[in-house]
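Asker: Sharing a model that was predicted from the sequence below.
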Amino acid sequence: MDFRLTRRGLGFSTAGAAVLAATRVRADDPAYVWKNVKVGAGGFIPGVVFSPIERGLAYARSDMGGAYRFDASQDRWIPLNDASPISGDFGIESIAPDPVNPDVVYAAVGVSRRDPGAILRSQDRGTTWRRTDTPFRMGGNEDGRGLGERLAIDPNDNRIVYFGSRHDGLQRSTDAGATWAKVESFPLPGLGLPESGPTHAGLAFVVFDPTTGVAGQGTRTLFVGVGDAGGAVLYRSDDAGASWRAVEGGPRTGWSAAKAVIDGRGVLYLTANIGVGPNGVAEGGVWRLDTRTNEWRDITPDRPSGGFMGIALPKDQPGTVLVSTLNRWSPGDTLWRTTDDGRRWTSLREKATRDVSATPYLYWGNSEPSFGWWIAALAIDPFDPNHAVYGTGATLYATANLTDADRNRPTAWTPWVEGIEQTAVITLVSPPEGPPLLTGFGDISGFAHDDLTVSPRLQFTTPVFANCNQIDYAGRAPSIVVR
């Protein structure tokens, strides 16, 4: 048996029986068939987006393991960046499925401001990509990676694509992502690439109001959220991006926009915080903006320490909103749901059930699995209001009975991760006896893998370390292991 580290997990191969133990065999020899050692997710998933036009089609982005497409016919996630030789392509800053053509998808890639940035575009759902290198840098694994989505495709003219960059203002393509140019009319040109210190959040999201456009002529009204604190958090254009103005009111100066969604009435819902996450958010809130009257209303469910990040709407259910909290370390993060435009809210965590039998390491040695933390990714299936999903620092949870919360019933959640291997593998060893593989990971400790095709039952404990940097066994007594 042979093992290798990959950019999105750990691989193993069993060579053909004809290969003798003493024979040197190349790792790319046809006798080797490589497969993932199964963990089941294991890392931060900052964004998940459903296709608005095809049932069963969804995309997830990770911060250092690439993008994934959910394939309903296989009931699993398909990795989309494994063929790339560029390590920076595995940090996904933003992802956007086309609202007109279900085969088209875009991804903004670049792990950090030190990596070259690019916009990838695909006409076959991410099976192959065409690449446009960009002068503006990304931050797929930097602070603020849960904001978004920064990429947005005009639903009335899908040749037009916007990108809210971190350092270089608002960018736009008018040829379906082949070329990009800065929107010079946008009031915030960007703070430029920092030489050192913290990164910039830049522009957090772009949202279109599709009711203000005509097919083939583009959408007239669109909004851009600002992640860099110090001024207005929201800008608006009513002439298809030719001119812009700050939207007065809403979150106060010093706050950062996080995410936004807009419904068919032209009501925009916004999360904003002091801080951009995924850590360090001290305070946050949720706002409702009637874009027809410019009337703001603060609809924040509660105000302990920490903030809010994810926000989602079911299709054709005005007034129903789902939001996620962030950095609520005690008693923990939750999802809040309202069906009356934020007048009353229900917290889901207290009654929610979680079945993690497919990835039992999510117990973390406790009697119950955590509801999760770093909840930035949040989405409701546009074809099924009961199907919702949220991402955590370690997994992606999904439910098929979301609306039971409206009747004061528990919602049931399970990891939706088949095919996702999103871990930082640090070290590994294969002892001559006992488990065939011992591993050390970043953030999730490490495992003894008794079966390489099944998620391990439990991490190394007593004590638990977040990172396992090295592991080895005693040569004459392989059952003795040091980490």
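Answerer: Perfect, I can see it now. Numbering: from 1, shown residues only.

Asker: domain parsing for this protein?
Answerer: Residue ranges for the domains of the chain, per automatic domain parsing: 2-39+423-482, 47-415.

Asker: Would you mind listing the residues in contact with Val100?
Answerer: Applying C-beta atoms under 8 Å, 6 or more residues apart in numbering, we find Val100 in contact with Ile53, Ile153, Pro155, Asn158. Where you see a C-beta, it was placed from the backbone N, CA and C, and this is true even at glycine.

Asker: Can you verify it is assigned to a helix?
Answerer: No: with DSSP: H, G, I helix; E, B strand; the rest coil as the criterion, Val100 is assigned coil and is not in a helix.

Asker: who does the closest residue to Phe50 other than its chain neighbours bridge with?
Answerer: On the basis of C-beta to C-beta, 6 or more residues apart in numbering, the spatially nearest residue to Phe50 that is not a chain neighbour turns out to be Ala58, at 4.8 Å. Using DSSP bridges, the beta-bridge partners of Ala58 come out as Phe50, Phe70.

Asker: doesn't Asp71 make contact with Ala58?
Answerer: No: using C-beta atoms under 8 Å, Ala58 is not in contact with Asp71; the gap is 9.6 Å.

Asker: quick one: which of those two has more around it?
Answerer: Ala58 (22 against 15; other C-beta atoms under 10 Å).

Asker: separation between that one and Ser237?
Answerer: Taking C-beta to C-beta, to the nearest Å as the criterion, Ala58 is separated from Ser237 by 29 Å.

Asker: just Val109 next, same as before
Answerer: With the distance defined as C-beta to C-beta, Val109 ends up 27 Å from Ser237.

Asker: again, but for Thr325
Answerer: From Thr325 across to Ser237, the span is 31 Å (C-beta to C-beta).

Asker: Who has more neighbours out of these two?
Answerer: Neighbour tally, Thr325 and Ser237, criterion other C-beta under 10 Å: the higher count belongs to Thr325, 27 against 20.

Asker: For the residue lying closest to Pro432 once chain neighbours are set aside, list the residues it contacts.
Answerer: Spatially, and ignoring its direct neighbours in sequence, Pro432 is nearest to Pro478 (5.5 Å; C-beta to C-beta, 6+ apart). Taking C-beta under 8 Å, 6+ apart, we find Pro478 in contact with Pro431, Pro432, Glu433, Gly434.

Asker: And Pro478, which helix or strand is it part of?
Answerer: For Pro478, the host element (DSSP states H and E) is strand 477-482.

Asker: Send me that strand as CSV with only the CA atoms.
Answerer: What follows is the C-alpha trace of strand 477-482 in CSV, where atoms were taken according to Å, rounded to 0.1, in the frame of the first residue of the first chain:
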residue,chain,number,x,y,z
ALA,A,477,7.3,-2.1,19.3
PRO,A,478,5.1,-0.6,16.7
SER,A,479,2.1,-0.4,19.1
ILE,A,480,4.0,2.4,20.9
VAL,A,481,3.2,5.7,19.1
VAL,A,482,4.6,9.2,19.8
